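**Q** Take this sequence and fold it.
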Amino acid sequence: MIFMESTNASSAAKAAERENYKPGFSTTGISKNIIQAAVTSAVALKQSPIPDAISATVNYTMKKIQKIDQTYGLQDKAWEISRSGINLALEIDQQYNVHEKVGNALFTGLAAAMKAGIAYKDSPSYREIQKMRTIIKMLVLLLVLKKNR
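**A** Prediction:
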């Protein structure tokens, strides 16, 4: 579906059209509210002075940083410090195999997160456990009653 791009169309009409767009899944309940809130917030942000204020602040800051850099040569000094730091990091890595340890730690963290997500998805909820316990208690009670007859 192509969204309206006419300059005469109001932002509200565009937002309403985006809201009615269904990209292959249905939105109900809280999902629909979250999507509507995100669309409304995006339109409100775009129509607010915030983006212009941020842009002006960034431009002003960049000009000041450039003047300071021209005066004191900070960029050249920063590059030299970075170069020295990288060389030191490479020496440390060669000596202690840091990259291998970091890679293993990242892999372990990702594997743990994936396995935890799968376990969470596959495990029964508190409500399901309570239902199972109730069923087991009822079965035990029936067995006891049957045995006592």
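**Q** The helix or strand containing M62 packs against which elements?
**A** Using DSSP states H and E, M62 maps to helix 50-72. If you count contacts as 3 or more Cβ pairs under 8 Å, 6 or more residues apart in numbering; DSSP states H and E, helix 50-72 packs onto no helix or strand. Bear in mind the C-beta positions are built from the backbone N, C-alpha and C, glycine included.
**Q** Averaged pLDDT, that helix. What do you get?
**A** Mean pLDDT, computed over helix 50-72, is 95.
**Q** State the separation between it and the centre of the chain it belongs to.
**A** 29 Å (Cα atoms, centre = their mean, to the nearest Å).
**Q** after it comes which helix or strand?
**A** Tracing the chain C-terminally past helix 50-72 and defining elements by DSSP H and E, one meets helix 74-96 next.
**Q** pLDDT on the helix or strand just after that following helix, on average?
**A** Next along the chain after helix 74-96, taking DSSP H and E as the criterion, comes helix 98-122. Per-residue confidence for helix 98-122 averages out to 93 on the pLDDT scale.
**Q** Just want the angle from helix 98-122 to helix 74-96.
**A** 80 degrees (axes from the mean of the first three to the mean of the last three Cα atoms, to 10 degrees).
**Q** now helix 98-122: how far from the chain's centre is it?
**A** Taking the mean of its C-alpha atoms, helix 98-122 sits 17 Å from the chain's own mean (Cα atoms, centre = their mean).
**Q** Could I have the CA atoms of the helix or strand harbouring S31 written out in CSV?
**A** In the assignment (DSSP H and E), S31 maps to helix 29-47. C-alpha atoms of helix 29-47 as CSV (Å, rounded to 0.1, in the frame of the first residue of the first chain):
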residue,chain,number,x,y,z
GLY,A,29,-5.9,-4.7,22.0
ILE,A,30,-2.7,-3.4,23.5
SER,A,31,-0.7,-3.9,20.3
LYS,A,32,-3.0,-1.6,18.4
ASN,A,33,-2.8,1.0,21.2
ILE,A,34,1.1,0.8,21.3
ILE,A,35,1.2,1.2,17.5
GLN,A,36,-1.2,4.1,17.6
ALA,A,37,0.7,5.8,20.4
ALA,A,38,4.0,5.4,18.4
VAL,A,39,2.5,6.9,15.3
THR,A,40,0.9,9.8,17.2
SER,A,41,4.1,10.4,19.0
ALA,A,42,6.2,10.4,15.8
VAL,A,43,3.8,12.9,14.2
ALA,A,44,3.8,15.1,17.3
LEU,A,45,7.6,15.0,17.5
LYS,A,46,8.0,16.0,13.9
GLN,A,47,5.6,18.9,14.2
